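A.B. asks: What shape does this take:
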Amino acid sequence: MPTHLVVGAGAIGTPLVRRLAERGDTVRVATRRGTAIAGAAPFTLDAKDAAALTNAAHGVDTIVVCSNPPYPAWGVEWPAITTALIETASTTGARIVLMGNLYGHGPVSEPMTEHTPLASAEGKGRVRADSWQRLLAAADRGVRAVEVRASDYFGPGAGRNAHLGSDFFGPLVAGRTAHAVGDVTQPHAWAYLPDVVSTLVAAIDRDEWGRAWLTPHATHASRVAIAEEARRRYGLTGRVRPWNPLLWAGLTRTVPFLREVRAMQYQFDSPFVVDSSESERLLEIGPTPWPEALDATIAAARDAVRR
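C.D. replies: Model (predicted):
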């Protein structure tokens, strides 16, 4: 069976480790804290440390990068992580599957595909685009890489920082108001966490490198439409409202993370949609039906509120 090193044990890395272990693969998981996950061998390391990463990757077939440094640190962290990945892959021969996002595209006026240019002028978008382009350029050193890109994710395990995470569904099920970034009436692509994991697994299994894959997206509904559906289907009383502009401006001036979120607000001020039909066809994957995904998400939010 193949051996994998998963870097990062957050909302995506943890379920990915479990999925790979459940199917019988040999799995190692690398985090700064040496996080233990059943079925995986833990490694404590900083992903910027090429020597430590190379040691953990010795004998593995694939390195799956699910780490996500804090937004304000991206300009320092991602270039260093990319350098370490190139060195590790060049030394060990391990393939790289990079968990990415859509930031590198910048503002778009049509559905994004696997071939939409990386044309972002925003700092974090440029950082992610540069990391991917550096991996591609390292092909002459034997580096084989793919990037799996997803829009914002939701589902059980999505935390407070997710736009459709616990700070969205928690208030809805508790009968309060969820405050959201940007225009809450605009359609937006939402990826269900289990579908993100399924796409990563499919990318690992397919021997095709030097390209991007897109995850399926369970819905392109606006946040108002999602809240209204939740109210109708589950008898909830909570609502969603955009942040008060003055309060939002104050928060983004004083909170570094929110300042970086505001730089990405263009994704929520106009339609932000994805056409993943090519990836779905070639990887033989598809989205979880929206009602099923919403059921699981609401159930998890209710459990969290009860606790």
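
A.B. asks: my guess is residue 204 meets residue 97, correct?
C.D. replies: Yes. Using CB atoms under 8 Å, residue 204 makes contact with residue 97 at a distance of 5.7 Å. For glycine as for every other residue, the C-beta is placed from the backbone atoms N, C-alpha and C.

A.B. asks: Give me the more crowded residue out of those two.
C.D. replies: residue 97 (25 against 20; other CB atoms under 10 Å).

A.B. asks: Can you tell me how far that one is from residue 276?
C.D. replies: 17 Å (CB to CB, to the nearest Å).

A.B. asks: Next: residue 288.
C.D. replies: For residue 288 relative to residue 276 (CB to CB), the value is 13 Å.

A.B. asks: Comparing the two, which residue is more hemmed in?
C.D. replies: residue 276 (27 against 18).

A.B. asks: which residues touch the more buried one?
C.D. replies: Residues counted as contacts of residue 276 (CB atoms under 8 Å, 6 or more residues apart in numbering) are 113, 114, 214, 215, 216, 217.

A.B. asks: From residue 153, how far off is it?
C.D. replies: Distance from residue 276 to residue 153, by CB to CB: 14 Å.

A.B. asks: One more: residue 7?
C.D. replies: Residue 7 is 18 Å from residue 153, by CB to CB.

A.B. asks: Which residue of these two possesses the greater neighbour count?
C.D. replies: The neighbour comparison of residue 7 against residue 153 (other CB under 10 Å) goes to residue 7, with 27 against 24.

A.B. asks: Does the more buried one touch residue 47 like I think?
C.D. replies: Yes. Using CB under 8 Å, residue 7 is in contact with residue 47, at 5.3 Å.

A.B. asks: which residues are common contacts for those two?
C.D. replies: What both residue 7 and residue 47 touch, as defined by CB under 8 Å, 6+ apart, is the set 30, 53, 65, 67.

A.B. asks: Now do the same contact list for the third one.
C.D. replies: By that I understand residue 65. 7, 8, 47, 81, 85, 96, 97, 98, 99.

A.B. asks: Dump these into TSV; add pLDDT, distance to residue 159 and secondary structure as well.
C.D. replies: Listed next are the contacts of residue 65 as TSV, based on pLDDT from 0 to 100; distance: CB to CB, whole Å; DSSP: H, G, I helix; E, B strand; the rest coil:
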residue	pLDDT	distance to residue 159	secondary structure
7	98	19	strand
8	98	14	coil
47	97	20	coil
81	98	21	helix
85	98	25	helix
96	98	25	strand
97	98	22	strand
98	98	21	strand
99	98	16	strand
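
A.B. asks: Throw together a ChimeraX command that grabs the buried residues out of these.
C.D. replies: A single ChimeraX command selects the buried members of the contacts of residue 65 (16 or more other CB atoms under 10 Å):
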select :7,8,47,81,85,96,97,98,99
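
A.B. asks: which among the contacts of residue 65 gets closest to residue 193?
C.D. replies: Distance to residue 193 across the contacts of residue 65 (CB to CB) is lowest for residue 99, with 11.7 Å.

A.B. asks: What is the nearest of the contacts of residue 276 to residue 269?
C.D. replies: residue 217 (18.8 Å).

A.B. asks: Report the secondary structure state of the closest one.
C.D. replies: coil (DSSP: H, G, I helix; E, B strand; the rest coil).

A.B. asks: got a list of what the residue nearest to it when sequence neighbours are not counted touches?
C.D. replies: Distances taken as CB to CB, 6 or more residues apart in numbering put residue 189 closest to residue 217, at 4.3 Å, once the chain neighbours are dropped. Residues in contact with residue 189 (CB under 8 Å, 6+ apart) are 102, 151, 152, 217, 220, 272, 273, 274.

A.B. asks: Just flag the most distant two among the residues you listed.
C.D. replies: 102 and 220 (13.0 Å).

A.B. asks: hey, what's in contact with both of these two?
C.D. replies: Joint contacts of residue 102 and residue 220 (CB under 8 Å, 6+ apart) are 189, 274.

A.B. asks: more crowded one of the two?
C.D. replies: Taking neighbours as other CB under 10 Å, residue 102 and residue 220 compare with residue 102 leading, 24 against 18.
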